[in-house]
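Peer 1: Model the following, please.
(chains A and B)
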Amino acid sequence: MRAKLIYSHGVVEKPILASVVLRTGVPINILEARVNAQKGELIVSIPATGEKLREVLNLFREAGVQVQEFAETLRIDWGKCMACGACISPCPTKALRFREDWSLEFDEERCVACKICVTACPVKAITMP
Amino acid sequence: MTEKIEELRTIDEINEKIKRGDAVVLTAEEMIKLVESSGLEVAAKEVDIVTTGTFGAMCSSGVFLNFGHSDPPIKMARCWLNDVPVYKGLAAVDGYLGATAMSETRGFEYGGGHVIEDLVSGKEVVLRAESYGTDCYPRRHIETTITLEDLNQAILVNPRNCYQRYDAATNSSDRVLYTYMGTLLPNYGNITFSGAGQLNPLCKDPNYETIGLGTRIFLGGGIGYIIGEGTQHSPGAGFGTLMVKGDLKQMNSRYLRGATFHRYGTTLYVGIGIPIPIINMRVAKTAATRDEEITVNIRDYAVPTRPDLRPVVKKTTYAELRSGKVSLNDRDVPSSSLSSYKMAREIAETLKKWILEGTFFLTKPIEPLPRQREVKPLRVRGREIRVGDVMSRNVVTARPSEDIKTVASKLVEKGIDHLPVVDDEGRLIGIVTSWDLAKAIAHDKRRLEEIMTRRVITAFENESIDVVVHRMAQYNISGVPVVDRLNHVIGILTTDDISRKVVGGGRAV
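Peer 2: Model (predicted):
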């Protein structure tokens, strides 16, 4: 599950993520980070489900971190996609690639939601909600 | 071409076979496989036609339109379709809509290419036109909606389509570039390329033995014709192009797609397929050309020069480009296409189907296309303004060891915002701005070298002002030191200098 963690001024300097990892044993992966003295935003992938996931999210919330869950990542409109490939080489994690038959394949698990493909697509077939 | 070439069949004979339903048609990919398995001789004897296809962004595309006369009638002087300007230097209700014309209300998002796609898919489009009123055409304004069906004619006429091959692109700079070759990541982060390579029509008959004026083709899902060489046709160098036309009303929006290259502009993806009749052994051989044999230059788009002067960082082939990675400077760089190989394949298959069904017959070219043509650059006559004409030569510099307070007073005294930092020989090693000094004071720093920016964006004296202005905008900076080839600071150019000394058209005052 992917989420955006928003650290406000008061909590930005505390090692919250590390404590959550230590307490729950869930190896949270940071996909993207923007942190400065005033606030911080982390996009993370949390490899957990059910009770464990709820525990992780609650720990963040209790520590004063705002949690926005990503219901989904990229949305590809397959009716619009012409399989040109313009999104493939800019993708930093190879989440977009060609299949054997040269149609486009999207591997959601690799996607870090960087959005470079959204602007790279010439026919606006890729959107990020 | 004086060598004796074995003739295999004529176009008339092939058309007879199409009529009888026994023509042997292969796509270019199938032809390659057949030659690999059975040899060229066998393939050449067996195969009558090889079909090709390409589906890529083709900016030099557009459509001639005739709207018909309204009552009272108007001599349309200016005209828009969905707010995209239509060229109106033609008769009263004739116009030309170009693929790269951009909407006056939506900009990059929507352009001529999108209008063409919308028309072909049957959508209503808003027609707006203005005039000055004449005795015979009194109306001054019109606004209505039209569909493709309403138009008397909608004729796709594309001055340059179907490039034989195209240079690939990469980016040596430290920022993302948004180009007509797509998104180019910094530090050679990726490579983009265009063209269908071994499926590409002009790669299959590079000697123009079968492709010429009057050749019937697949165009945008309908029937089209080659009406001559394309603009910038350069067959000798392997960059042939075609001018094509076809009736938009017969076309299919699957094969004509409006597109936007982020921060570049709008265009049209055009699907083209050309049948290659295997009339002789030489055509049989070229029709079996593989991606491995088609070379492509990879150019550095970070260098803002004329396209043919952008440095070539590597010579590669369509095979390596299509593999998804290209070895560049001992590193595997991801590569991907901008044109759709899947669609190119589909077009070659569709054309094959049409021929096998007996609905598509071949034409003999009325005239061959030129095999030699030179592409000339545009020479700019007269002297254009350069950095050296505008920069301040009285440049105040500082040494890295200088104390921040002294430096601050220098800026105040001279009334400047940029201070290049130089070594003992006057070579540039950093820069500070008044903003850096404000920050230094806030953070209680003492010496210049603690706060100066070491990666300095610079300009050369003989560079064009437009190029440097664009560089300053890219890096969001308001001044650049001007250096010589040995990195000595010889001047400084600021946005102030430019706004004071340069007026429109790059003239100095």
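
Peer 1: what sits up against stretch A:53-62?
Peer 2: Residues outside stretch A:53-62 that contact it (Cβ atoms under 8 Å, 6 or more residues apart in numbering or on different chains): A:1, A:3, A:5, A:16, A:19-20, A:23-24, A:26, A:28, A:46, A:48, A:67, A:69. C-beta coordinates here come from the backbone N, C-alpha and C atoms, glycine included.

Peer 1: List just the nearest of the residues you listed to residue B:485.
Peer 2: Nearest to residue B:485 among the contacts of stretch A:53-62, counting by Cβ to Cβ, is residue A:5 at 49.6 Å.

Peer 1: what lines up beside the helix or strand containing the closest one in the sheet?
Peer 2: Residue A:5 belongs to strand A:2-7 when elements are defined using DSSP states H and E. Using DSSP bridges, the strands paired with strand A:2-7 in its sheet are strand A:40-45 (antiparallel), strand A:65-70 (antiparallel).

Peer 1: which is the next helix or strand following the last one?
Peer 2: Secondary structure here is assigned by DSSP H and E; on that basis, the next helix or strand after strand A:65-70 toward the C-terminus is strand A:75-76.

Peer 1: burial count for residue B:405?
Peer 2: 12 (other Cβ atoms under 10 Å in any protein chain shown).

Peer 1: pLDDT at it, what is it?
Peer 2: Residue B:405 carries a pLDDT value of 86.

Peer 1: Now do the same for it: helix, strand or coil?
Peer 2: Following DSSP: H, G, I helix; E, B strand; the rest coil, we place residue B:405 in the helix state.

Peer 1: Return the distance of it relative to residue B:436.
Peer 2: According to Cβ to Cβ, to the nearest Å, residue B:405 stands 14 Å off from residue B:436.

Peer 1: same check, this time on residue B:72
Peer 2: Distance from residue B:72 to residue B:436, by Cβ to Cβ: 66 Å.

Peer 1: Likewise for residue B:130?
Peer 2: From residue B:130 to residue B:436 the distance is 52 Å (Cβ to Cβ).

Peer 1: So the two - more neighbours on which side?
Peer 2: Set residue B:130 next to residue B:436 and count neighbours by other Cβ under 10 Å: residue B:436 wins out with 20 against 16.

Peer 1: what about the helices in the stretch 301-450 of chain B?
Peer 2: B:318-322, B:341-357, B:387-390, B:404-414, B:434-442, B:448-451 (DSSP state H, counting those that start in this stretch).

Peer 1: ok, and the closest non-adjacent residue to the closest residue to chain A within the stretch 51-200 of chain B?
Peer 2: Residue of the stretch 51-200 of chain B nearest chain A, by Cβ to the nearest Cβ: residue B:190 (3.7 Å). In space, and not counting its chain neighbours, residue B:190 is closest to residue A:89: 3.7 Å by Cβ to Cβ, 6 or more residues apart in numbering or on different chains.

Peer 1: Retrieve the pLDDT associated with the residue of the stretch 51-200 of chain B closest to chain A.
Peer 2: 98.

Peer 1: now residue B:85
Peer 2: Confidence score, pLDDT, at residue B:85: 98.

Peer 1: Verify the stated contact: it with residue B:100.
Peer 2: No: counting by Cβ atoms under 8 Å, residue B:100 is not a contact partner of residue B:85; they are 11.0 Å apart.

Peer 1: Do a quick rundown of the strands in the stretch 351-500 of chain B.
Peer 2: For the stretch 351-500 of chain B, the strands defined by DSSP state E, counting those that start in this stretch occupy B:367-368, B:418-422, B:428-433, B:459-460, B:479-483, B:489-494.

Peer 1: strands paired with the fourth one, and their directions?
Peer 2: Sheet neighbours of strand B:459-460, with direction, are listed as strand B:479-483 (parallel) (DSSP bridges).

Peer 1: can you tell if stretch B:310-328 touches chain A?
Peer 2: Yes: Stretch B:310-328 comes into contact with chain A (Cβ under 8 Å from any Cβ of the partner chain), by way of residue B:324.

Peer 1: Please state the offset of stretch A:38-45 from the chain centre?
Peer 2: 11 Å (Cα atoms, centre = their mean, to the nearest Å).

Peer 1: List the contacts of that stretch.
Peer 2: Against stretch A:38-45 from outside (Cβ under 8 Å, 6+ apart): A:1-9, A:12, A:17, A:28-35, A:70, A:112-113.

Peer 1: What are the buried residues along it?
Peer 2: A:40, A:41, A:42, A:43, A:44, A:45 (16 or more other Cβ atoms under 10 Å in any protein chain shown).

Peer 1: Keeping just the C-alphas, turn it into PDB.
Peer 2: C-alpha atoms of stretch A:38-45 as PDB (Å, rounded to 0.1, in the frame of the first residue of the first chain):
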ATOM      1  CA  GLN A  38       9.400  23.800   7.900                       C
ATOM      2  CA  LYS A  39       7.700  20.600   6.700                       C
ATOM      3  CA  GLY A  40       8.300  17.300   5.000                       C
ATOM      4  CA  GLU A  41       6.500  15.000   2.600                       C
ATOM      5  CA  LEU A  42       7.300  11.400   2.100                       C
ATOM      6  CA  ILE A  43       5.800   9.000  -0.400                       C
ATOM      7  CA  VAL A  44       6.200   5.600   1.000                       C
ATOM      8  CA  SER A  45       5.300   2.000   0.200                       C
END
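
Peer 1: Show the average pLDDT along that stretch.
Peer 2: Mean predicted lDDT for stretch A:38-45 stands at 83.

Peer 1: hmm, back to that, count of residues packed around the residue of the stretch 51-200 of chain B closest to chain A?
Peer 2: Residue B:190 - counted by other Cβ under 10 Å - has 25 other residues nearby.

Peer 1: Since that was my last question, I'll sign off now.
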